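**Q** build me a model:
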Amino acid sequence: MKKSALYIRVSTTYQIDKDSLPLQREDLINYSKYVLGIDDYEIFEDAGFSGKNTDRPAFQNMMNRIKSHEFSHLIVWKIDRISRNLLDFCTMYDELKEYNCTFISKNEKFDTSSAMGESMLKIILVFAELERKLTSERVSAVMLSRAEKGLWNGASVPLGYKHTKGMKFPVIDDTEANVIKYIYELYIKNGSTPKVAYQLNQEKVKTKRGGTWTPKTVGDILRNPFYIGTYRYNVRNSGSKRRWKEKSEWVVVENNHSGIISPELFEKANEMLSDNYKGKRQYQRENTNTHIFSQVLVCGKCGSTLIAGLDSARKDGYRPSRYTCYSSRHDNINNCNNFISDITLLPFILNYIANFINLQNRITQRHSLRDIERILLRGKYFADVECIDRKGLEDTYIAFSIGFTDSSYSNGQGNAENNTNSELENLKKEKIKFEKALSRLEDLYLFDEQGISKKDYLFKKRDITQHIQKINEDISDINKKNSRVTTDISFLNKAGNFLIHNELTNKKNIDYRELLQAVDISLIKDFVNTVITQIEIIDKKVYSITFNNGITHKFLYKVKHLQVIRTREKFLYRAFEPQVIEYLKDNSYITRKDIENITGMSHTSANALLLELIDKGLIEKKGNSVATRYFLKA
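**A** Got it, this is the predicted structure:
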């Protein structure tokens, strides 16, 4: 059974609107019916697609159906309707032969079912590709000539400029020009592209495409001579691993258009960039890396000091410090693989210190240890902490509410200390005995067939529990008397002044990123060192904090399945959803590439975001392959 596939393509809107498509359609239908005698046919149309490759929706659909043995003939108006690329056409032709499909070009008058027709086909295709390359060379020569005359050749208009009808070159956009001036001003002041990017994002200043700023986008603006009136063309390769062309190929026209920035300011900013990054943007200046917790962190697994270094940069350019156990860097066999980042550490420590200072102002002798613990663990950053060790809470209670002083301990305290130590050991042994008794009582009641009654069980349990409680109180009293923790909390007053000055004391959750922008990092480091002597780290969590007056707080964390999940994917759409929806309101559809440009995401992350928005029912997908588009769901 014969069936023909009629393929039609035009590359421009003018051809679509005129008569090219109807003409091709009519000719191919007549050829199939009256020359080949095939009345069963199907038309495939690609309107507005170039012939430089075969990445076209209708063509791909047709080839898939040919592979399903649905068609015996493929008919085109001219051979270049399929492709102007010899390699693409040969690949397609090999597939046609494999699936016994005859290729026919109506205008060139050949049929690949014969040897002569097949040979003529290949010869014609060679000349079709030659024509395409010659056309490309002619276009390139014309565009280079235009650039040498200072004429605009299209492409994206830089931020700060706009293209208006009747003008042969972009002109200054006053609103966007102010953003450019502000970027140069911020960089001269801060000397850091990550800081500039962060501040622009905090102030909700948008890029040309409405996206967020990164150190690279800031650096590109600072490096672009377009802003001093210099027009450069033919400086980069497209689709090549080598990004920049040789300077001899560049077209550079100075004083071509009105600049936004003075040449002196541009030169100063670029000199700073070169000094800061040594010509490579992935390197910061050697003497500007201040690590807040260096020399304070120790490994809770092996006791080694954690070594400070820079972590990878985040989307907005912020590069946190990363602290790694010494053994992990110098012992590949026995390393404990222990590390932590400022991303986790800073919010935990800063908020805990703030809670510690607030506790000083609120604690009284009427407060219980549970009250102290509740105040210290206030805030979202402690959601995974189960509790603080009792010894640390007791020492805190003594320091803040009882107010013992170091002079309370006389030089003749040695004998008394020996006696209390002996008494403490006896109490601990007695506590263990009653705890075992309580355990045996529960086993007797729950599992023994001839066990005691519920009434006897409850009374005996009450008596044993009271004994244990009395022992705990006695142990607590002895610990208070033996406590060597100094009650000098003047270090908190210094730290408190720092926090009060920055109006952070009364905040429930301190935003460490805002703090880093408001306060110099060296001051934050001094602040931490004023309060804390040592922080112990285990498995990327704070295991204990030792304060400068000797108090140590140890933390017990919830079991893993009860901990709060904060995966990146869970919050991905929340960060970028408004930008995507706003874009769709201004435009009929959005593509994955648009998502990448708007958000600065990678290919994979952009796809993940689109899937999340589809699952949420906000958008819907239409089309396939390169023609995929996403629309607001009605």
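**Q** list the contacts for residue 162?
**A** 170-173, 176 (CB atoms under 8 Å, 6 or more residues apart in numbering). Any C-beta I mention is one placed from the backbone N, CA and C, and that applies to glycine too.
**Q** go with 6 Å
**A** For residue 162, the contact set (CB atoms under 6 Å, 6 or more residues apart in numbering) comprises residue 173.
**Q** cool, and residue 43?
**A** Contact analysis of residue 43 by CB under 6 Å, 6+ apart lists residue 6.
**Q** three-state assignment of it?
**A** strand (DSSP: H, G, I helix; E, B strand; the rest coil).
**Q** beta partners for it?
**A** Judged by DSSP bridges, the bridge partners of residue 43 are residue 6.
**Q** now it: how far from residue 7?
**A** Going from residue 43 to residue 7 by CB to CB, to the nearest Å gives 8 Å.
**Q** residue ranges of the strands in the stretch 301-450 of the chain, please?
**A** Secondary structure of the stretch 301-450 of the chain (DSSP state E, counting those that start in this stretch): strands located at 306-310, 321-325, 339-341, 385-388.
**Q** quick one: mean pLDDT for the shortest one?
**A** Mean pLDDT, taken over the full extent of strand 339-341, equals 89.
**Q** quick one: the helices in the stretch 401-550 of the chain?
**A** For the stretch 401-550 of the chain, helices defined by DSSP state H, counting those that start in this stretch occupy the ranges 414-447, 454-482, 490-501, 512-518, 521-531.
**Q** for those helices, which has the smallest mean pLDDT value?
**A** helix 490-501 (a mean of 56).
**Q** from residue 427, how far off is residue 473?
**A** For residue 473 relative to residue 427 (CB to CB), the value is 10 Å.
**Q** who's more crowded, these two?
**A** Legend: neighbour count by other CB atoms under 10 Å for residue 473 and residue 427, higher for residue 427 (18 against 11).
**Q** before we move on, back to that, so which of the helices of the stretch 401-550 of the chain is nearest residue 302?
**A** helix 521-531 (23.2 Å; CB to CB).
**Q** what's the closest one packed up against?
**A** helix 490-501 (3 or more CB pairs under 6 Å, 6 or more residues apart in numbering; DSSP states H and E).
**Q** below-threshold pLDDT in the stretch 101-250 of the chain: ranges please.
**A** Low-confidence segments of the stretch 101-250 of the chain (pLDDT under 70): 109-113, 121, 124-125, 128-129, 132, 237-243.
**Q** try 90
**A** Counting by pLDDT under 90, the ranges of the stretch 101-250 of the chain that qualify are 103-158, 162-171, 189-217, 219-220, 229-250.
**Q** let me see the ranges of the helices in it.
**A** Under DSSP H, counting those that start in this stretch, the stretch 101-250 of the chain gives helices at 115-148, 174-190, 193-202, 215-223.
**Q** turn those into TSV, columns for mean neighbour count and distance to residue 547.
**A** What follows is those, written out as TSV (neighbours: other CB atoms under 10 Å; distance: least, CB to CB, whole Å):
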stretch	mean neighbour count	distance to residue 547
helix 115-148	13	66
helix 174-190	16	34
helix 193-202	22	31
helix 215-223	20	37
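**Q** kindly present those as a markdown table, with separate columns for distance to residue 577.
**A** What follows is the helices of the stretch 101-250 of the chain, written out as a markdown table (distance: least, CB to CB, whole Å):
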| stretch | distance to residue 577 |
| --- | --- |
| helix 115-148 | 40 |
| helix 174-190 | 25 |
| helix 193-202 | 16 |
| helix 215-223 | 22 |
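**Q** quick one, which of those is nearest to residue 318?
**A** Checking the helices of the stretch 101-250 of the chain against residue 318 by CB to CB gives helix 193-202 as the closest, at 6.0 Å.
**Q** what's near enough to touch the residue nearest to residue 161 when sequence neighbours are not counted?
**A** What sits nearest to residue 161 in space, not counting adjacent residues and going by CB to CB, 6 or more residues apart in numbering, is residue 170, at 3.9 Å. Contact partners of residue 170, counting by CB under 6 Å, 6+ apart, are 157, 161, 163.
**Q** go again using 7 Å as the cut-off
**A** 152, 157, 161-163 (CB atoms under 7 Å, 6 or more residues apart in numbering).
**Q** I'd like to know how far it sits from residue 236.
**A** Residue 170 is 19 Å from residue 236, by CB to CB.
**Q** and for residue 175?
**A** 28 Å.
**Q** Three-state assignment for residue 50, please.
**A** coil.
**Q** that one and residue 83, how far apart?
**A** 10 Å.
**Q** so for the two, which residue has more residues nearby?
**A** Between residue 50 and residue 83, residue 83 has the larger neighbour count (other CB under 10 Å), namely 26 against 14.
**Q** give the closest residue to that one in space, chain neighbours not counted.
**A** Closest residue to residue 83 apart from its sequence neighbours, by CB to CB, 6+ apart: residue 89 at 4.6 Å.
**Q** for that neighbour, report the pLDDT, please.
**A** 74.
**Q** dump the residue contacts of the closest residue to residue 323 other than its chain neighbours.
**A** Leaving aside its chain neighbours, residue 323 sits nearest to residue 306 (3.9 Å; criterion: CB to CB, 6+ apart). The neighbourhood of residue 306, defined by CB under 7 Å, 6+ apart, consists of 297-299, 323-325, 537.
**Q** which one of those is nearest residue 346?
**A** Nearest to residue 346 out of the contacts of residue 306 is residue 323 (CB to CB; 11.3 Å).
**Q** quick check: bridge partners of that closest one?
**A** With DSSP bridges as the rule, residue 323 is bridged to residue 308, residue 340.
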